[in-house]
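Enquirer: Okay, here's the prediction I keep looking at, along with the sequence it came from:
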Amino acid sequence: MLYALLCYNSEEIVGSWSKQEDDEIMARLTVINDRLQREGKLGPTARLMPTTAATTLRKAGKGRRLEASSEPPTVLDGPYAETKEQLLGFYLVDCKNLEEALSITKELGVANPGGAYEIRPVSLFLPGSGVT
Amino acid sequence: MNDAGWIDLALRSARPRAMGALLRYFRDLDAAEEAFQEACLAALKNWPENGPPRDPAAWLILVGRNSAIDAARRRRKQEALPDDGRLPGEGDGPDDAESALADRLDGAHYRDDILRLLFICCHPDLPATQQIALALRIVCGLSVKEIARAFLVRETAMEQRITRAKSRVAAADVPFETPGGPERAPRLAAVAAVVYLMFNEGYSATGGDAQIRAPLCEESIRLARLLLHLFPDEPEMMGLLALVLVQHARASARLDDDGQIILLEDQDRSRWNRALIAEGMALLDKAMRHRRPGPYQVQAAIGAIHAGAARAQDTDWAEIDQLYATLERLTPSPVVTLNRAVAVSKIRGAAEALELIEPLAPQLDGYFHFFGLRGALLQQLGRDAEARVSFDRAIALAHTPAEAAHIRMNLDRLSAASPRRKPPRAH
């Protein structure tokens, strides 16, 4: 079974770590990552940029209709802030800029109306090779 | 990280929001600070045992406010009892404090609370250095000692400066009502300007003192991030954060081991902080979507072009020239033109760049960088005697030993070449 482990913490506090504190924590995590990698259990891992770098695409429709949506979505600055919807999945796409990422997201939104996509740049990406 | 470390971080993060709310309540900086201090002491006692509260800022606001009310009660008790013998403070006020506070903690308020707090520190009546010092003290919570070190002055002098700034702010009478849209924009602009000044204060100081001035850059980045959190759809706030991140990314490559300046084109680019550059570029990308260019976005774009060049010779100077031309239109200033001249010298040669800056002489007569660039351009043109005069003037105007040392290095190159045997032109 594949499990996605989603990391949550106070951004204010993590953002206040000094370079040294950040390095120390990353070093401890690397030890675990390396072991999981050797055991063939580790897939891709990513550290996301702060939510100030996020853009949200609010899709048209309420998600009850199953047919493809023709209404235009709304693009908002900042992270996805609603709590009445839950994280159901994620994509990792390689784009040259935000514009390209938004155009892919809009395409997904037409196929799958309702809800939202938060587009967040990735600051650190380790591909991992244990999971195929 | 141990308890003390964690609590310290939580207190620092909660500070702007808690101070903003306490200031709205007390309408007095000293009272708000005192209440916040009390709340921090209580947190240090309470949090290790009971664990961190869900919302540290709300906890601090509540405890800070209550401790101030208790102090007021104690003061009143020391005064004479009223004739009817009833103890003052009972049933005449603070009982409903918590319910009233619950209303005040409404999230919609906190954005304006923090903006007000910052705006008060950045009050236009204060000189720039006092604005920065006050913001570092009140909003960022740096100690007077830390601020004094960053400004290279004695602690007592900084203490006086901050006290003076506080009393001027108190006299200035900033309105405490929640600002409407039209007032919010100039407040935000004033605050952003001080955040940028704070960054520059830390950035342009170099030499042996660079390390102790780094907090100015780091705190300004925190404030720029805070502003963007509060105003997530303002492209200029994205630009401001992008600008300070991209500039700060070069910090560790800007000085050599002896504290001497290394020019951008000579820096070891592998020492630039790629994570900060990537974040800056992502923010700039976001900002451009709005198609509302402003000075911070344009300056960030210039920084991003430098950051994106793998080697100095790969720099897209034509694009930088264009961006400086845009900046000249948005915020005309001789300093912007001076910066554009660097790009012009790379594209069209030193003679044309010199022509561009000569008319600036009357306005930039006391500006170190003017004479530094002028000297370098004259040197490139083989006009060594004039270059020497310009470099001498630059040394006289240098702010730090490193700036002076850098110009002296250029002078040494001039002296090393005898007047009869001119060195070959650099280009």
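Expert: Sure, I can see it. Note that the structure is predicted; figures quoted are calculated from it, not measured.

Enquirer: Am I right that B:Leu323 falls within a helix?
Expert: Yes. B:Leu323: assigned to a helix according to DSSP: H, G, I helix; E, B strand; the rest coil.

Enquirer: Worst mean pLDDT across the helices and strands of chain A, which element?
Expert: Within chain A, confidence by mean pLDDT, DSSP states H and E is lowest for helix A:11-16 among all helices and strands, at a mean of 84.

Enquirer: which residues touch the closest residue to B:Ala405 other than its chain neighbours?
Expert: Among residues not flanking B:Ala405 along the chain, B:Gln260 sits closest, at 5.6 Å (Cβ to Cβ, 6 or more residues apart in numbering or on different chains). C-beta coordinates here come from the backbone N, C-alpha and C atoms, glycine included. Counting by Cβ atoms under 8 Å, 6 or more residues apart in numbering or on different chains, B:Gln260 touches B:Ala402, B:Ala405, B:His406, B:Met409.

Enquirer: can you count the residues close to the second one?
Expert: Counted by other Cβ atoms under 10 Å in any protein chain shown, the residues lying close to B:Ala405 total 17.

Enquirer: before we move on, what about the first one?
Expert: In terms of burial, B:Ala402 registers 22 neighbours under the definition other Cβ under 10 Å.

Enquirer: can you pull the pLDDT of the closest residue to chain A within the stretch 51-200 of chain B?
Expert: Nearest residue of the stretch 51-200 of chain B to chain A: B:Pro56, at 8.7 Å (Cβ to the nearest Cβ). We note a pLDDT of 89 for B:Pro56 in this prediction.

Enquirer: which ones are touching it?
Expert: With contact taken as Cβ under 8 Å, 6+ apart, B:Pro56 is in contact with B:Ala10, B:Leu11, B:Ser13, B:Ala14, B:Ala43.

Enquirer: Chain A contacts on chain B?
Expert: Residues of chain B lying near chain A by Cβ under 8 Å from any Cβ of the partner chain: B:1, B:5-6, B:9-10, B:12-14, B:222, B:225, B:228-229, B:232-233, B:238, B:241, B:275, B:278-279, B:282-283, B:285-286, B:289.

Enquirer: Distance of A:Thr74 relative to A:Phe90?
Expert: 20 Å (Cβ to Cβ, to the nearest Å).

Enquirer: no wait, B:Leu44
Expert: 40 Å.

Enquirer: Looking at these two, which is more packed in?
Expert: Neighbour totals were compared for B:Leu44 and A:Phe90, and B:Leu44 leads with 14 against 11 (other Cβ under 10 Å).

Enquirer: Next, count neighbours for A:Gly40.
Expert: For A:Gly40, the tally of surrounding residues (other Cβ under 10 Å) stands at 11.

Enquirer: how about the nearest residue to it, chain neighbours excluded?
Expert: Going by Cβ to Cβ, 6+ apart, A:Gly40 has A:Gly130 as its nearest residue, at 4.2 Å.

Enquirer: Give me the pLDDT for the one you found.
Expert: On the pLDDT scale, A:Gly130 gets 77.

Enquirer: Looks like it contacts A:Leu36 (just checking).
Expert: Yes. In this structure, A:Gly130 is within contact of A:Leu36 by Cβ atoms under 8 Å, at 6.8 Å.

Enquirer: what sits in contact with each of the two?
Expert: Common contacts of A:Gly130 and A:Leu36 (Cβ under 8 Å, 6+ apart): A:Leu42.

Enquirer: Look at the two and report which has more neighbours.
Expert: A:Leu36 (16 against 13).

Enquirer: Remind me which helix or strand the more buried one belongs to.
Expert: Under the criterion of DSSP states H and E, A:Leu36 resides in helix A:19-38.

Enquirer: So which bits of that helix are buried?
Expert: Residues of helix A:19-38 classed as buried by neighbour count (16 or more other Cβ atoms under 10 Å in any protein chain shown): A:Leu36, A:Gln37.

Enquirer: Just checking: what are the partner strands of the helix or strand just after it?
Expert: Sequence-wise, the next helix or strand beyond helix A:19-38 is strand A:45-48, with elements assigned using DSSP H and E. Paired neighbours of strand A:45-48 in the sheet (DSSP bridges): strand A:122-126 (antiparallel).

Enquirer: and chain B, what are its domains?
Expert: Segmentation of chain B into domains, based on automatic domain parsing, reads B:3-79, B:111-172+B:181-210.

Enquirer: Tell me the one among the contacts of B:Gln260 nearest to chain A.
Expert: Of all the contacts of B:Gln260, B:Ala402 has the smallest distance to chain A: 22.7 Å, by Cβ to the nearest Cβ.

Enquirer: So that closest one versus B:Glu49, what's the distance?
Expert: 49 Å.

Enquirer: can you list the weak-confidence ranges in the stretch 101-250 of chain B?
Expert: Applying pLDDT under 70 to the stretch 101-250 of chain B flags the ranges B:101-108, B:177-179, B:205-212.

Enquirer: Next, the angle from the strand or helix carrying B:Ala278 to helix A:19-38.
Expert: According to DSSP H and E, B:Ala278 maps onto helix B:274-288. For helix B:274-288 against helix A:19-38, the angle by axes from the mean of the first three to the mean of the last three Cα atoms, to 10 degrees is 100 degrees.

Enquirer: Go through helix B:274-288 and flag the buried ones.
Expert: Quick answer for helix B:274-288 (16+ other Cβ under 10 Å): B:276-288.

Enquirer: after it comes which helix or strand?
Expert: Next along the chain after helix B:274-288, taking DSSP H and E as the criterion, comes helix B:295-308.

Enquirer: how about the residue of the stretch 101-250 of chain B found nearest chain A, secondary structure?
Expert: Going by Cβ to the nearest Cβ, chain A is nearest to B:Pro232 of the stretch 101-250 of chain B, at 3.6 Å. Following three-state DSSP, we place B:Pro232 in the coil state.

Enquirer: ok, it touching A:Asp77?
Expert: Yes. Between B:Pro232 and A:Asp77 a contact is recorded at 4.6 Å, counting by Cβ under 8 Å.
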